[in-house]
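>>> pasting the sequence and the predicted model now:
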Amino acid sequence: MAEKELPGVLILDVGGTHGVLENLAALLKRHFHVITMKEFLENKKEMGKKIQSVFVFECRPTIDRELLESLPNLKVIGNSGVGVDHLDLKMISSFGVKVTNTPRAVADPTADIGMALMLASARRIVEGNVLN
């Protein structure tokens, strides 16, 4: 019996300055056939049919009408951040595509940094670290 082909997920790239972190890409590869933007652009017609999801990492890739029109089987856009302000939800929903995000993903780290900044300020840690 042949294995069922994994659904395609479009990402900008793996690693580098703007790509998905390598450990996150490895997790995606367990559940999806990962397709980079470069691979997609090299063969839009074939790859466009395979892609059912787009994973947006650090606001990339940009989701616009042209991209949505080239992905006829797209079902969901998964945003790795808290907000979705960078996405045109009305336009995306007009294509019948759902949008997800991770609203509480950075709540604890944000609180940690806030506390660290308050303590550093109150104790003048930065000033104490500077050599005169």
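It's in.
>>> so residue 63 touches residue 77, yeah?
Yes. If you go by CB atoms under 8 Å, residue 63 and residue 77 touch, sitting 6.1 Å apart. Bear in mind the C-beta positions are built from the backbone N, C-alpha and C, glycine included.
>>> give the residues shared as contacts by those two.
Jointly contacting residue 63 and residue 77 under the rule CB atoms under 8 Å, 6 or more residues apart in numbering are 54, 56, 87, 92.
>>> show me the domain layout of the chain.
Listed by the TED database, the domain ranges of the chain are 8-101, 105-131.
>>> can you give the contact residues for the longest helix seen in the chain?
Looking across the chain with DSSP state H, the single longest helix is helix 107-123. For helix 107-123, the external contacting residues (CB under 8 Å, 6+ apart) are 125, 126.
>>> could you point out the helix or strand that follows that helix?
Remark: after helix 107-123, the chain's next helix or strand is helix 125-129, criterion DSSP states H and E.
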